[in-house]
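Colleague: turn this into a model:
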Amino acid sequence: MTTRISLTAIASASLFTLGVIGAANAAERLTVTVSHTLDIARPAETIAIPWAKVNEALPQALNQQLVVKDAAGRVLPYQVTNIAPTGKDPKMTGAAYGELLFQVGFKPGEKRTVVTIEKAGATVPPFPAKTYARYVQERLDDFAWENDKLAHRTYGPALGAPAPAGSDKEVLVTSGLDIWFKRVPYPVVDRWYNKGHDHYHVDQGEGIDMYNVGPTRGAGGTGIWDGQKLYVGTNYKSWKILANGPVRTVFELHYDGWDAAGTKVSEVKRFTVDAGRYFDRIDSTFTFSGPASLNAAVGLNKRPSDKGQEVKVDFSENKSDGSLVQWVTQRSFGDFGVAVIVPTAASFAADERNGLVIAPVASGQPLSYHVGAAWTRGSPFSTQREWQRHVAEEAARLRAPVAISLSKGN
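Modeller: Residues are numbered from 1 along each chain as shown. Okay, here's the model as predicted:
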């Protein structure tokens with residue numbers, strides 16, 4: 001198929017963008033200074049500015065009429081979140097706006113950068129989405145999400161339901177998390193589901209689903225650990241999307257209660273998926289009564305290569321940053337790395353199927369952790385050493401968040 005692109009349309013869009021930028025009023029400007037203390041590169045650092053601060057500097061600013069520029073004057077994609085409860089902003093006055101999001105990057109040794117935010121004077125065209133999530137009813141209630149680096153999915157009620165007598169329906173009961181490895185930066189979730197199950201298990205140029213979940217924790221699924229046994233929930237019960245790109249996607253998955261050695265536990269996972277990153281943040285909130293705390297476990301499947309492709313699976317534990325790092329050498333399809341980082345980790349453990357990071361949790365208090373992966377054919381990490389270094393740098397970023405200062409005017 002040949003795709004024809006109108007150069008006239010592109011030129012018109014470019015002239016429109018230049019006109020929008022030229023219309024910005026320099027007298028009303030919010031200057032954002034971002035700094036950090038590390039010597040490593042920090043690409044795709046997501047900056048969140050409370051909308052109240054934007055509105056204070058730019059009175060009556062509209063979320064679709066802003067220009068965000070870096071120190072070189074380049075226009076940056078941005079996003080304004082609006083996640084207020086239903087009915088809190090019935091007139092859509094902007095009272096429910098939460099944060100203005102954009103991204104900056106630091107080269108090794110670079111410690112400071114400046115971004116300006118101005119009114120555009122006209123509506124700015126949408127930016128290409130680099131993050132995305134959706135409920136996939138047509139594939140037995142899957143829920144899938146992605147950014148420009150990776151895609152993921154997990155499994156819903158329809159897949160976990162018993163098959164009718166005589167049916168060949170697929171059944172899988174698991175709360176594990178899956179990975180789809182990408183070669184391309186553009187969205188693939190809709191494209192892959194459209195072409196079908198048998199096709200996305202073959203690399204046709206965009207990547208491949210070659211990660212095995214089954215009843216394991218997959219890549220970052222959770223459970224409750226009693227010191228000897230792992231107790232896990234079943235397929236997610238319900239979902240809610242709170243923000244959906246272009247810079248950040250936020251959604252929740254709710255899991256019904258399960259028995260954990262005599263304690264009934266339910267869970268809500270909130271996922272934060274940022275553009276340009278190989279790691280997602282997950283905040284798991286467990287609800288239970290009785291014990292003051294339980295030991296939550298975040299797991300990685302010990303044998304994640306689909307159809308027995310693995311030649312070797314290496315695990316490394318780092319108690320100083322709470323990371324469990326995995327490298328999978330395969331017979332074909334390239335190699336891949338997976339990792340979880342749990343900053344509050346207390347110990348490591350394992351059962352027959354999973355490597356585990358253990359951390360204490362109280363009822364109703366979120367456990368924050370990060371899950372990442374990379375493929376040698378779709379990332380800059382071609383060796384186990386390079387992947388381990390990236391995980392260590394990601395953990396360092398979590399320990400040393402950027403500092404943000406705001407000033408009005410020029």
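Colleague: residues in contact with the nearest residue to residue 98 once chain neighbours are set aside?
Modeller: Leaving aside its sequence neighbours, residue 98 sits nearest to residue 81 (CB to CB, 6 or more residues apart in numbering; 4.1 Å). C-beta coordinates here come from the backbone N, C-alpha and C atoms, glycine included. Contact analysis of residue 81 by CB atoms under 8 Å, 6 or more residues apart in numbering lists 97, 98, 99, 101, 242, 243, 248, 250.
Colleague: what strands flank whichever strand or helix holds residue 81, and is each parallel or antiparallel?
Modeller: Using DSSP states H and E, residue 81 sits in strand 78-82. Applying DSSP bridges, strand 78-82 is found paired with strand 97-106 (antiparallel).
Colleague: strand partners (parallel or antiparallel) of the very next helix or strand once past the strand it pairs with?
Modeller: Next helix or strand after strand 97-106 toward the C-terminus (DSSP H and E): strand 112-119. Applying DSSP bridges to the sheet, strand 112-119 is found paired with strand 29-35 (antiparallel), strand 66-69 (antiparallel).
Colleague: looking at those, which is buried most?
Modeller: Mean neighbour count (mean count of other CB atoms under 10 Å) peaks for strand 66-69 among the strands paired with strand 112-119, with a mean of 21.
Colleague: so for that strand, mean pLDDT?
Modeller: Averaging pLDDT along strand 66-69 gives 98.
Colleague: so how far is that strand off the chain centroid?
Modeller: Computed by CA atoms, centre = their mean, to the nearest Å, the chain-centroid distance of strand 66-69 equals 24 Å.
Colleague: residues making contact with it?
Modeller: Here strand 66-69 makes contact (CB under 8 Å, 6+ apart) with 20-21, 24, 54, 58, 75-78, 100, 102, 115-120, 124.
Colleague: output the strands paired with strand 112-119 as CSV; include the columns distance to residue 139.
Modeller: CSV is the format used below for the strands paired with strand 112-119 (distance: least, CB to CB, whole Å):
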stretch, distance to residue 139
strand 29-35, 40
strand 66-69, 36
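Colleague: among those strands, which is nearest residue 254?
Modeller: Checking those against residue 254 by CB to CB gives strand 66-69 as the closest, at 33.8 Å.
Colleague: so which bits of stretch 278-296 are buried?
Modeller: By neighbour count on 16 or more other CB atoms under 10 Å, the buried set for stretch 278-296 is 278-286, 288, 294-296.
Colleague: now for those: which two are most distant?
Modeller: The most widely separated members of the buried residues of stretch 278-296, counting by CB to CB, are 278 and 288 (32.3 Å).
Colleague: sorry, back to before: residue 357 is nearest to which of the strands paired with strand 112-119?
Modeller: The closest of the strands paired with strand 112-119 to residue 357 is strand 29-35. By CB to CB, the value is 30.3 Å.
Colleague: tell me the mean pLDDT for that closest one?
Modeller: 98.
Colleague: got any ranges where the protein has weak pLDDT?
Modeller: 1-27, 84-96, 410 (pLDDT under 70).
Colleague: residue 361 versus residue 265, what's the distance?
Modeller: 10 Å (CB to CB, to the nearest Å).
Colleague: residue 149 too?
Modeller: In this structure, residue 149 and residue 361 are 29 Å apart, going by CB to CB.
Colleague: kindly report the same for residue 164.
Modeller: As judged by CB to CB, residue 164 and residue 361 stand 38 Å apart.
Colleague: with residue 110 instead?
Modeller: According to CB to CB, residue 110 and residue 361 sit 37 Å apart.
Colleague: so between those two, which is more surrounded?
Modeller: Taking other CB atoms under 10 Å, residue 110 and residue 361 do not tie; residue 361 has more neighbours (21 against 13).
Colleague: residues contacting that one?
Modeller: Neighbour list for residue 361: 284, 286, 293, 294, 295, 296, 367 [criterion: CB under 8 Å, 6+ apart].
Colleague: if we use 10 Å, what do you get?
Modeller: By CB atoms under 10 Å, 6 or more residues apart in numbering, the residues touching residue 361 are 222, 224, 265, 267, 284-286, 288, 293-296, 344, 367.
Colleague: just those residues now: which is nearest residue 160?
Modeller: Nearest to residue 160 among these: residue 267, at 15.4 Å, using CB to CB.
Colleague: check which helix or strand covers the closest one.
Modeller: Here residue 267 is assigned to strand 263-274, by DSSP H and E.
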